[in-house]
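Chemist: Got a sequence here, can you model it:
(chains A, B, C and D)
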There are 2 protein chains.
Amino acid sequence: MLAIELADSGVGTRIRALRGAMSMSLRDLAERSGVSAPMLSQVERGETSPTLQVASRIAAGLELRLSQLLRLDEDGAVTIVRSSDRRKGPSAAKSGHRYEILTPPLPGQRAELSRHTLAPRAVTGGPGDPPMHEPGSRETALVESGSVALVCDGERHVLGEGDCVTFDADLPHHFENPADNNEAVLLAVVSAGLRRS
Amino acid sequence: MLAIELADSGVGTRIRALRGAMSMSLRDLAERSGVSAPMLSQVERGETSPTLQVASRIAAGLELRLSQLLRLDEDGAVTIVRSSDRRKGPSAAKSGHRYEILTPPLPGQRAELSRHTLAPRAVTGGPGDPPMHEPGSRETALVESGSVALVCDGERHVLGEGDCVTFDADLPHHFENPADNNEAVLLAVVSAGLRRS
DNA sequence: TGCTTGCGTACGTGATAACGTACGCTCGTA
DNA sequence: TACGAGCGTACGTTATCACGTACGCAAGCA
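Modeler: Residues are numbered from 1 along each chain as shown, chains lettered A, B, ... in the order given. Sure, this is the predicted structure:
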C-alpha cells in the first residue's frame, strides 16, 4: 500500500555493492545462497523486506554473518568521545574525587571506561558517586599517576603508578589517595555481569 | 509443513530472555515495537521467521540494534580467533608496535585491558599482533599520548590526545600513528561478546 | 543483420508473515 | 467461590514474501 520506502534501510544497496565487489551475478548469488534471483533483485532494490531466514541465507552467500551485513548500514559502529565532550561526574568540591566516563552511553555497551582523579587524602564512594555495581560485574583499575589504595571487602591494597588491579566489583569497595600532597589518577574498567536468562 | 525448526536460529529464545530481563509482557513489547503481541509470541517460539522490518522493530523495542540482537546468537557458532596467549606482544623490532596486556588471564574475564605503543608511522595489525577479535566483542581505545588514526571498516578517524573511541572490534580495523616524530600510546579495552546463557 | 549468451526485472501463483480478535490460564482480591 | 486483571497462545483473514517462468536488453560473434 503505502510501503513506499519502508523497507529501504539500506541493506539492499549494501548487498548489491557487495555482490558487485565479488563480481557475482544475481543467479550466482542465488545458487550460493539458495535464494531465487528475482527475490534477490527485489531485496536489493528495497522493494521487499526479506525474512531473517532468507536474509541469513543471503548473508551466507556473501560469506558474512547476518549481523555483520546489517551492521554495515547501522551508524554507531564507531563512536568517538572527544576529550572536551565527556560525561562528567560532580565536581570535586568537597569529596576531592571527580571522574569522567569515557565510553558512550549506548545500549549494548558491556564495558564502561572512566577516569578518576583523587585529590590528596580523598576517597571514592561519596554522595553522588556511582553507588554500586551490578552483581557479577568485574572492575579493572590502572593507576595512571600517583598512588592509590584499594579497600576491597575489608582488605587494603596499595598500588603504585602503573599498577593494575582486577577485582569483583559487586563487593563493597572504594579507593583512597594515601598521599598528602599529590593528586592520583586512575582508569577504571567496569565490565557488566552476564545477563540472566 | 517441514518447517519444524527451520526458523530456530535461537533469536526467538534470546528475545524472550531479553524481554523477561526487562520485565516486559508481550503487550508491553508490542506497544514499544509496533509489532503485534501474537506475532512476538510466534517469533519467540521460533514458529515464524520475521522480516527484517519487524525484526528491526523488535530490536528497537528492546533498545538494541538489530545487528546487536543477532550477534548475541551467532557467537556460539563461529570459530574463535584467540587474540594471544602471551601477556606481552613481540618486541617492536620492525613493526614499531609493541603492547602489553594488563589484565590477568583469568577465566571469566570479560574485559581485557592492554597498552599499545606505536613508533612514528607505525601501524598495528602486523604479523604477531592480535589479528582480530571474537565476534560480538567491542573495543574502547583511549589515546594516552600523541595522536592516533583508527581505520575501521574502511573509514579513517583521527584521534588526539585524550580522545576516546568505541567500536565493534570484530570489524576489520587497525591503528596508525600518523606523526613523523612522536610516539603514540593508547589504552585498549576489549570487552568480549556475550556468551550463550 | 541475425543468433547466442548473459544480465536484471515484470508477471502470476502458492506459501507464509503479520494482523486483530478471542480463548484458556494463573493469579490476587472481594 | 466468584471475579476481574494480567499473562501467553490458538484462530481466521489479509497483506506480502518467495518462488518459477518469461520477458526486454545489451554485448560478442558468424
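Chemist: what helix or strand is A:R115 on?
Modeler: For A:R115, the enclosing helix or strand under DSSP states H and E is strand A:111-118.
Chemist: which helices and strands does that strand pack with?
Modeler: The contact analysis (3 or more CB pairs under 8 Å, 6 or more residues apart in numbering or on different chains; DSSP states H and E) places strand A:111-118 against strand A:97-101, strand A:173-176, strand A:184-191, strand B:138-145, strand B:184-191. For the C-beta atoms, the positions are set from N, CA and C on the backbone; glycine is no exception.
Chemist: contacts for the last one?
Modeler: For strand B:184-191, the surrounding residues in contact (CB atoms under 8 Å, 6 or more residues apart in numbering or on different chains) are A:110-111, A:113, A:142, A:187, A:189, A:191, B:83, B:110-118, B:133, B:137-148, B:169, B:175, B:177.
Chemist: Okay, now the sheet partners of it, with direction.
Modeler: strand B:111-118 (antiparallel), strand B:138-145 (antiparallel) (DSSP bridges).
Chemist: Tell me which strands the next helix-or-strand element following the last one pairs with, and in which orientation.
Modeler: Right, strand B:138-145. Proceeding N to C from strand B:138-145, the next assigned helix or strand is strand B:148-152, under DSSP H and E. Strand B:148-152 has its sheet partners listed here by DSSP bridges as strand B:155-159 (antiparallel), strand B:173-176 (antiparallel).
Chemist: Buried deepest among those strands, which one?
Modeler: Of the strands paired with strand B:148-152, the one with the most neighbours on average (mean count of other CB atoms under 10 Å in any protein chain shown) is strand B:173-176, at a mean of 20.
Chemist: what comes into contact with that strand?
Modeler: Contact partners of strand B:173-176, identified using CB under 8 Å, 6+ apart, comprise B:116, B:118, B:121-125, B:139, B:141, B:148-153, B:167, B:186.
Chemist: Just the C-alphas of stretch A:45-65, formatted as PDB.
Modeler: Only the C-alpha atoms of stretch A:45-65 are listed here, as PDB (Å, rounded to 0.1, in the frame of the first residue of the first chain):
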ATOM      1  CA  ARG A  45      16.100  -2.600  -4.700                       C
ATOM      2  CA  GLY A  46      14.300  -2.300  -1.400                       C
ATOM      3  CA  GLU A  47      11.000  -3.400  -2.800                       C
ATOM      4  CA  THR A  48      10.600  -6.100  -0.200                       C
ATOM      5  CA  SER A  49      11.900  -6.900   3.300                       C
ATOM      6  CA  PRO A  50      13.300 -10.400   3.500                       C
ATOM      7  CA  THR A  51      12.700 -12.600   6.500                       C
ATOM      8  CA  LEU A  52      15.500 -13.400   8.800                       C
ATOM      9  CA  GLN A  53      15.700 -16.800   7.200                       C
ATOM     10  CA  VAL A  54      16.400 -15.600   3.700                       C
ATOM     11  CA  ALA A  55      18.400 -12.600   4.900                       C
ATOM     12  CA  SER A  56      20.600 -15.000   6.700                       C
ATOM     13  CA  ARG A  57      21.000 -17.100   3.600                       C
ATOM     14  CA  ILE A  58      21.800 -14.100   1.600                       C
ATOM     15  CA  ALA A  59      24.500 -13.100   4.100                       C
ATOM     16  CA  ALA A  60      25.900 -16.600   4.000                       C
ATOM     17  CA  GLY A  61      26.100 -16.400   0.200                       C
ATOM     18  CA  LEU A  62      28.100 -13.300   0.700                       C
ATOM     19  CA  GLU A  63      30.300 -15.100   3.200                       C
ATOM     20  CA  LEU A  64      29.100 -12.900   6.000                       C
ATOM     21  CA  ARG A  65      27.100 -13.300   9.200                       C
END
